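K.L.:
quick one: sequence and predicted model below, then my questions.
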Amino acid sequence: MLVAIPNLLTPQQVAYARQKLDAAANWIDGAATAGVLAKQVKRNRQIDQSHHVGQEIGQMILKALASNGTFMSAAQPVKVLPPKFNRYEGGEHYGAHIDNAVMDIPASGGVRLRADLSMTVFFSEPGEYDGGELRVLDTYGHQAIKLPAGHAILYTATSLHEVTPVTRGIRTSSFFWIQSMIRDDGRRSMLYELGEVIHSLAATHPDHPSLAGFLGHYHKLLQRWTDV
């Protein structure tokens with residue numbers, strides 16, 4: 001699964017977040033939060049998770065996700081890890097890696113999250129920096145992703161992926177993980193595609209006699225495949 005979510009955040013929200021993030025002083029070495037293998041390929045900076053700016057902008061993102069139809073349909077979320085923030089400049093990069101399958105949710109008293117999906121929200125415009133593409137290796141080969149500020153990309157967490165070196169400017173983004181009600185990626189993709197067909201049919205032919213049948217099958221599959 002690889003789904004782009006345009007305009008997750010408004011231009012006003014992006015401008016506010018950029019002002020806050022650019023002014024934050026305590027960006028730390030990203031390798032400090034990486035696993036043993038990831039430390040060898042991770043060269044970036046992250047804002048401390050306890051920083052009030054990260055918490056504020058993170059809540060902005062979570063609120064936007066909750067009201068975004070594309071995200072809710074594609075991810076079928078049951079848990080979302082609080083968003084983190086990183087930046088790359090001066091050749092910084094993150095080599096090819098796969099994210100951890102299970103993660104602890106901060107300040108949750110030991111609650112854990114199965115990382116089914118990864119998400120990146122872009123805060124820098126593509127013209128502000130050179131390099132810095134998110135490259136995801138999926139079934140169809142490498143997909144190079146560099147989206148406008150405020151847009152997001154959702155992809156399977158078990159995908160091999162990397163961020164190429166930023167050779168000019170600064171790339172600022174948010175990243176986090178989602179546990180889906182639909183554990184299997186293939187089933188989740190089929191449900192999303194079926195939902196898109198139903199949505200398109202409802203918009204163009206709201207009285208079509210097959211619409212109720214398609215919707216009924218969608219919910220039968222959702223009920224059969226849901227894991228909560």
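P.N.:
Good, I have the coordinates.
K.L.:
contacts and neighbour counts: CA atoms only from here.
P.N.:
Fine.
K.L.:
which strands border the biggest strand by length in the chain, and is each parallel or antiparallel?
P.N.:
Counting residues, the longest strand found in the chain (DSSP state E) is strand 171-180. Strand 171-180 has the following strand partners under DSSP bridges: strand 77-80 (antiparallel), strand 84-88 (antiparallel), strand 117-122 (antiparallel).
K.L.:
how many other residues sit next to the residue nearest to Val228 when sequence neighbours are not counted?
P.N.:
Nearest residue to Val228, sequence neighbours excluded (C-alpha to C-alpha, 6 or more residues apart in numbering): Met181, at 5.8 Å. Residues lying near Met181 (other C-alpha atoms under 10 Å) number 18.
K.L.:
residues contacting Met181?
P.N.:
Contact analysis of Met181 by C-alpha atoms under 8 Å, 6 or more residues apart in numbering lists 76-78, 226-228.
K.L.:
what pLDDT does the model give it?
P.N.:
We have a pLDDT of 97 for Met181.
K.L.:
longest helix of this protein?
P.N.:
Secondary structure of the chain per DSSP state H: the longest helix is helix 185-204.
K.L.:
neighbouring contacts of that helix?
P.N.:
By C-alpha under 8 Å, 6+ apart, helix 185-204 touches 1, 73-76, 116, 156, 182, 208, 211, 214-215, 218, 221-222, 225.
K.L.:
what's the closest non-adjacent residue to Phe176?
P.N.:
Pro83 (4.9 Å).
K.L.:
mind listing what the one you found touches?
P.N.:
Contacts of Pro83 (C-alpha under 8 Å, 6+ apart): 54, 58, 61-62, 174-177.
K.L.:
what separates it from Glu92, distance-wise?
P.N.:
21 Å (C-alpha to C-alpha, to the nearest Å).
K.L.:
and the gap between the residue located most distally from the centre of the chain and Ser124?
P.N.:
Computed with C-alpha atoms, centre = their mean, the residue of the chain farthest from its C-alpha average is Pro209, at 36.4 Å. Using C-alpha to C-alpha, we find Pro209 at a distance of 46 Å from Ser124.
K.L.:
swap in Glu92?
P.N.:
Note on Glu92: its distance to Ser124, by C-alpha to C-alpha, is 15 Å.
K.L.:
for Gln55, same thing?
P.N.:
From Gln55 over to Ser124 the distance is 19 Å, taken as C-alpha to C-alpha.
K.L.:
and those two? Which one has more around it.
P.N.:
Each of Gln55 and Ser124 has its neighbours counted (other C-alpha under 10 Å); Ser124 has more, 23 against 16.
K.L.:
quick one: residues contacting that one.
P.N.:
148-149, 170-173.
K.L.:
sheet partners, orientation included, of the lowest-mean-pLDDT helix or strand in the chain?
P.N.:
Least confident helix or strand of the chain, by mean pLDDT, DSSP states H and E, is strand 141-145 with a mean of 85. Paired strands of strand 141-145, with direction, are strand 134-138 (antiparallel) (DSSP bridges).
K.L.:
buried set for the strand it pairs with?
P.N.:
Buried residues in strand 134-138, counted by 16 or more other C-alpha atoms under 10 Å: 134-138.
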